[in-house]
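> Requesting a structural model of the entry that follows:
(one chain, ligands or ions: 1)
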Amino acid sequence: MRKTLPVVFALMVSPTVLAEVVALKGATLIDGSGRAPQQDAVLVVDGERILAAGAPGKVKVPQGARLVDVTGRTIMPGIINAHGHVGLVAGGQNRADAYTRENVQAQLLQYERYGVTSVLTLGLNRDLVYELRDEQRRGGLPGASLFTAGRGIGAPDGAPPVPVAPDQVYRPKTPAEGVADVQEAAAHKPDFLKIWVDDVFGKFPKMQPAIFKAVIEAAHAKGLKVASHIFYLADAKAVIANGVDALAHSVRDRPVDAELVAMMKKRGTFYVATLNVDASFFALADDPALLDDPFLTGALPPESVQQFRSGEYRSKVAADPNVPKARAALENAMRNLKTLRDAGVRIAFGTDSGANPARIPGWAEHRELELMVRAGLSPMDALVAATNGSARMLGASDRGTLQKGKRADFLVLEANPLDDIRNTRKLVSVWHGGREIPPSDVAAAAR
Ligand SMILES: [Zn+2]
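Modelled structure (predicted):
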């Protein structure tokens, strides 16, 4: 009996046992590929995969399929956040002891109910993350699909300036130490690697080029891709010249130039703008009305809502010498995103949500889409970046578009985000691996 119990439990939760064929009919389908939406579409889900998607005359609905009428709704792929964090904030504060199983689990569930069906946790993870990821891939841990860069590699006494425990980030002092750190990380089979190359508004020593060169080389030798935190155009060029695979933030010190464009296009480097990062320094103080939106407050603990509403918070923001720099950085970031998109650079999507209390998992992703459109991208371009773009950066060919054989990760929306990008917030339901997230959870997010 003791031996059979776990097996029985595994069967009960296994998606193959619950598998049914579901046909969602009548929605406008944005499939993530960038092509024009399909009106009155049929989307057939078989277990955790898409069996067919397309025009009503072209898609055969299998007999016995459960029909779901989604007339007037819009369906888009689940959002893929290629730059997020978990386990860094608890009770509205950054804490070195926040990286617990319970906290990570709660944050993955929060992403999922906001329609973020996959997240790459880009550094500052405890090694516990590998355990959780592997458990999830065996079917045992709900929430957004977890991809991870493990600890990540920063600079001694420098970036990232986040209060984490020593086992949450490597800080090599020499190229040889950097290589050893890559090798240790590689043993855990991370989905990406992360490096930080920044002086954080001039405050800290920056990682030496000899170190990031050695780290990127060692990572590639292990078959691992590397994303770099950058701020300055010169650093972006330096890490790309050394083979980095993705920029994890915008270039924010000045306009990008033809040289960067040419480098990124030649090498296929991905660009993740994280406009939310720079906006997070001041948005809630500038625009307290944001805090009247249940879509935002539903993503925050009550103590955070109270804190962001306080005059004390607004005074702190007003006095912060980094805030004017962040405003200028956001302007550069928006202009640069538009330039790079128009030039044909590969755009992925991320928010840095979860890195601190003002970068709010779930809400931040919808806000980022809005900021990308404000930067001049079409709603379609923003949606493609947040789905197929991120999937490509991750090398996750099983997701990102809603086509036959892909994972059934999608959002049903009350209104079309191509008309107004903020309609991504009008969640009717979230489907993740063919499983409909409990409607009450989604309603709590979308209320
Ligand atoms: Zn980050």
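
> and Asp97, that one's in a strand?
No: looking at Asp97 with DSSP: H, G, I helix; E, B strand; the rest coil, it is coil, so not inside a strand.

> wait, what's in contact with it?
Going by Cβ atoms under 8 Å, 6 or more residues apart in numbering, Asp97 touches 90, 165. Every C-beta, even on glycine, is put in place using the N, C-alpha and C of the backbone.

> Just the pLDDT for it.
On pLDDT, Asp97 comes in at 93.

> swap in Val8?
Looking at Val8, its pLDDT reads 41.

> Leu141 now?
Note on Leu141: pLDDT of 95.

> how many neighbours does it have?
Number of residues near Leu141 (other Cβ atoms under 10 Å) recorded here: 19.

> how far away is it from the ion?
According to Cβ to the ion, to the nearest Å, Leu141 stands 22 Å off from the ion.

> Show me where the stretch 151-300 of the chain dips below the pLDDT cut-off.
For the stretch 151-300 of the chain, applying pLDDT under 70 flags no range at all.

> Would you mind listing what in this structure touches the ion?
By Cβ under 5 Å from the ion, the residues of the chain that approach the ion are 352, 355.

> Where does the chain get nearest to the ion, residue-wise?
As assessed by Cβ to the ion, the ion sits closest to Asp352 within the chain, at 4.2 Å.

> and Asp419, what does it touch?
Contacts of Asp419 by Cβ under 8 Å, 6+ apart are Pro379.

> And Thr148, by the same measure?
Here Thr148 is in contact with 120-121, 125, 129-130, 133, 190-192 (Cβ under 8 Å, 6+ apart).

> mind listing the helices for the stretch 301-447 of the chain?
Here the stretch 301-447 of the chain has its helices, by DSSP state H, counting those that start in this stretch, at 302-309, 311-319, 322-342, 363-374, 379-384, 390-394, 439-446.

> Distance to Ala96, mean neighbour count and mean pLDDT added to those helices, as CSV?
Converted to CSV, the helices of the stretch 301-447 of the chain look like this (distance: least, Cβ to Cβ, whole Å; neighbours: other Cβ atoms under 10 Å; pLDDT from 0 to 100):
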stretch, distance to Ala96, mean neighbour count, mean pLDDT
helix 302-309, 18, 16, 94
helix 311-319, 22, 12, 97
helix 322-342, 22, 19, 98
helix 363-374, 22, 24, 98
helix 379-384, 35, 23, 98
helix 390-394, 28, 25, 98
helix 439-446, 29, 16, 79
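
> on that earlier part again, got a quick PyMOL command for the buried subset of the contacts of Thr148?
Here is the PyMOL selection string for the buried members of the contacts of Thr148, based on 16 or more other Cβ atoms under 10 Å:
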select buried, resi 120+121+125+129+130+133+190+191+192
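
> Which one, of the helices of the stretch 301-447 of the chain, ends up nearest to Pro160?
helix 322-342 (15.0 Å; Cβ to Cβ).

> picking up where we left off before, tell me which residues touch the residue of the chain closest to the ion, please.
Asp352 touches 83-85, 122, 249, 274, 276-277, 280, 359, 364, counting by Cβ under 8 Å, 6+ apart.

> and if you look at Asp398?
406-407.

> now swap in the one 5 residues further on and tell me
Contact criterion Cβ under 8 Å, 6+ apart gives 31, 33, 50, 53 as the residues in contact with Gln403.

> what does His188 give?
Each residue near His188 by Cβ under 8 Å, 6+ apart is listed here: 127, 130, 150.

> Please report phi then psi for it.
The phi/psi pair for His188 (degrees, to the nearest 10) reads phi -90, psi 0.

> likewise Val22?
Torsion angles, degrees, to the nearest 10, at Val22: phi -120, psi 130.

> Quick check: bridge partners of it?
For Val22, the beta-bridge partners are Val45, Arg66 (DSSP bridges).

> how many neighbours does it have?
The local packing of Val22 (other Cβ under 10 Å) involves 20 other residues.

> what pLDDT does it get?
pLDDT recorded at Val22 is 98.

> Would you show me how to pick out the buried ones of the contacts of Gln403 in ChimeraX?
What follows is the ChimeraX syntax selecting those of the contacts of Gln403 that are buried according to 16+ other Cβ under 10 Å:
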select :31,50,53
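
> show me the contacts for the spatially closest residue to His85 that is not a sequence neighbour.
Sequence neighbours aside, Gly354 is the residue nearest to His85 in space, at 3.6 Å (criterion: Cβ to Cβ, 6 or more residues apart in numbering). Applying Cβ under 8 Å, 6+ apart, we find Gly354 in contact with 84-89, 107, 121, 361.

> related to what we said a few turns ago, how close does the residue of the chain closest to the ion get to Leu120?
Separation of Asp352 from Leu120 (Cβ to Cβ, to the nearest Å): 11 Å.

> again, but for Val197
18 Å.

> Could you do Asp320 as well?
Computed as Cβ to Cβ, the Asp320 to Leu120 distance reads 29 Å.

> do the same with Ala355
From Ala355 over to Leu120 the distance is 13 Å, taken as Cβ to Cβ.

> swap in Trp196?
16 Å.

> now do Ser250
In terms of Cβ to Cβ, Ser250 sits 17 Å off from Leu120.

> Pro302 too?
29 Å.

> What of Ala328?
28 Å.

> and the residue nearest in space to the middle of the chain, helix, strand or coil?
The chain has Asn81 as the residue nearest its centroid, 1.3 Å off, counting by Cα atoms, centre = their mean. Following three-state DSSP, Asn81 is assigned to strand.
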